[in-house]
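S.K.: Provide a 3D model corresponding to the input given below.
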Amino acid sequence: MVNMLRQYHTFYALLMKMDNFKSKCFVPIFSFVLLLCGCAVDGTAQSNAVHDANQNRAGNNEGFWDSKVLFGKPDSKSLQISSGVQSLLFKSVDYKGKSTEVFAYYSDPDMLNGKTSQKKFPGVVLLHGGGGKAFQEWVEKWAAEGYAAIAIDFGGKDGNGNRLENAGPAQGAEEKFTNIANGPLTDVWTYHAVASSILAHSWLRAQPKVDSSMTFVTGISWGGYLTCIVGSVDHRFKAAVPVYGCGYYGESDVFKKDLNQLSGGFREKWLQYFDPSVYLPHSQVKFLFINGNKDRFYNVIPYSKSYSLVSEKNRRVCIKPDMLHSHPRGWEPLEIRSFFDHLAYGYADLPSLNDIRMGEGSISASYNAPVTLANASFYYTSDTLSTNENRKWQSVKAEIDPDSKKISCKMPEEGFAYGFFSIKDHRSVSASSEFVINGRVE
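M.R.: Predicted structure coming up:
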């Protein structure tokens, strides 16, 4: 069977170079054959992995994560409640033929305050990034702000950093990338992380204190990457906020190095099944994309291509100048809660920018803002040689015209390769335009 699988992979790589093969008919069918063979390597074709032969929509692998299983409340057990936060384990999908459990923290406003009420709260699923864990303080933050929140661990560990007895994959490069060449797709880290995130959402929705019609997801870095997929696959969410993370991993300054080490068609297979760019075009929920302009891992071009895959009516973008990359920096933006609060409670919306125009000697944009703007700037760079984190940016103040709802500034005399407007209102809530790349909006 292993030899057969290798032959299929070789044949697949050759066929993918043929234009006629890259049709909507052949790719899903052949991918399904490969997937079945991959599952047969260790003899564990998991019952919870319904593959995408009959659910594939224009190349979308949404059926790969089986909603019939993942949308049901998983079995769970409470470990303890301490300082208003509950720790628990819930059952997730199989790994290498064995059942797994995932550690999580949960809290809501009543639990955090040690009281009982008849209120139901909006819910939020919190997805950490690489090197992270289920952060108790992240759950506390959201519970203090009026949300029922669950934060899960993606590395098979408990709250003390110990490996669980029934752990899934760790979160190293081998589990994230190399495993795709060593076994079935269902042993790759992303498969487990996405499945566990959706199961955590199902668990959250089933809690008596949660308004199941008003749930959200946000994640940081690799968690932002997961948010792009989870928010696209699980349409039960109201909205999603990926921070830093995006798709087109093959174009990342950092992650393309791991992908380029995969051979025999596995790089293309990883991108086909595990890159957010496959799923974002099929998203139905509202997205707010938050990133810095100099992020090391998620650079301008793949980032702009990623958010552009979501329909204009469902996407918002907030580029925060010189934003640093960390978990605390990733959960602190006021824009995340303001975005959710607007949808959950009807509070004032975020400001927004659109209709960028470049005339002779000037560049302008229209804006909408429920709160008066405090400032506006245009950031730009002509540096196309440096890596994203080392790129040199400049800024100029933009004039605000509250009557016409427009901001404008002089066009940089030297021109620019990448640029964006940034505005902030008197709540200190900010928004940005989408990137302007080489004289066009991306």
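
S.K.: How about the contacts made by Asp424?
M.R.: Careful, residue 424 is Lys and not Asp. Residues near Lys424 by CB atoms under 8 Å, 6 or more residues apart in numbering: 373-376, 430. For the C-beta atoms, the positions are set from N, CA and C on the backbone; glycine is no exception.

S.K.: let's see 10 Å
M.R.: If a contact means CB atoms under 10 Å, 6 or more residues apart in numbering, then Lys424 has 320, 334, 351, 369, 371, 373-377, 430-432 as its contacts.

S.K.: measure it to Leu373 for me?
M.R.: Distance, Lys424 to Leu373, by CB to CB, to the nearest Å: 7 Å.

S.K.: I'd like the distance between the residue lying farthest from the centre of the chain and Leu126.
M.R.: Relative to the C-alpha centroid of the chain, counting by CA atoms, centre = their mean, Glu360 is the outermost residue, at 38.2 Å. Distance, Glu360 to Leu126, by CB to CB: 48 Å.

S.K.: Same question for Met214.
M.R.: As judged by CB to CB, Met214 and Leu126 stand 16 Å apart.

S.K.: Between the two, which is the more surrounded one?
M.R.: Leu126 (27 against 21; other CB atoms under 10 Å).

S.K.: Pull the contacting residues for the more buried one.
M.R.: Contact analysis of Leu126 by CB under 10 Å, 6+ apart lists 104-105, 134-135, 138-139, 141-142, 147, 149-152, 197, 200, 216-220, 223, 227, 331.

S.K.: Nearest residue to it in space, please, no chain neighbours.
M.R.: Ala151 (4.0 Å; CB to CB, 6 or more residues apart in numbering).

S.K.: Contacts only, for that neighbour.
M.R.: By CB under 10 Å, 6+ apart, the contact list for Ala151 reads 85, 103-107, 124-128, 132-142, 200, 223.

S.K.: Okay, and it sits in which element?
M.R.: With elements taken from DSSP states H and E, the one containing Ala151 is strand 148-152.

S.K.: So Gln181 versus Lys257, what's the distance?
M.R.: Careful, residue 181 is Ala and not Gln. Distance, Ala181 to Lys257, by CB to CB: 16 Å.

S.K.: Start and end of stretch 75-89, how far apart?
M.R.: Start to finish, the residues bounding stretch 75-89 are 9 Å apart (CA to CA, to the nearest Å).

S.K.: now stretch 118-134
M.R.: 28 Å.

S.K.: Now do the contacts for Val188.
M.R.: Counting by CB under 10 Å, 6+ apart, Val188 has contacts 38, 169, 175-182, 194, 269-270, 273-274.

S.K.: Just to check, His192 is in contact with Glu101?
M.R.: No. Between His192 and Glu101 there is no contact under CB atoms under 10 Å: 11.5 Å.

S.K.: max-length helix in this structure?
M.R.: In the chain, taking DSSP state H as the definition, the longest helix is helix 189-205.

S.K.: What's the first helix or strand after it?
M.R.: Going down the chain from helix 189-205, the next helix or strand is strand 210-220, by DSSP H and E.

S.K.: if we can go back for a sec, now that we have the contacts of Ala151, which of them are buried?
M.R.: Listed as buried from the contacts of Ala151 are 85, 103-107, 124-128, 132-136, 138-142, 200, 223; burial here means 16 or more other CB atoms under 10 Å.

S.K.: Bridged to the residue nearest to Leu126, which residues?
M.R.: Beta-bridge pairing of Ala151 under DSSP bridges involves Tyr105, Leu126.

S.K.: thinking again about what came up before, relative to strand 148-152, how tilted is the longest helix of the chain?
M.R.: Angle, helix 189-205 to strand 148-152, by axes from the mean of the first three to the mean of the last three CA atoms, to 10 degrees: 160 degrees.

S.K.: Give me the mean pLDDT for helix 189-205.
M.R.: For helix 189-205, the mean pLDDT works out to 98.
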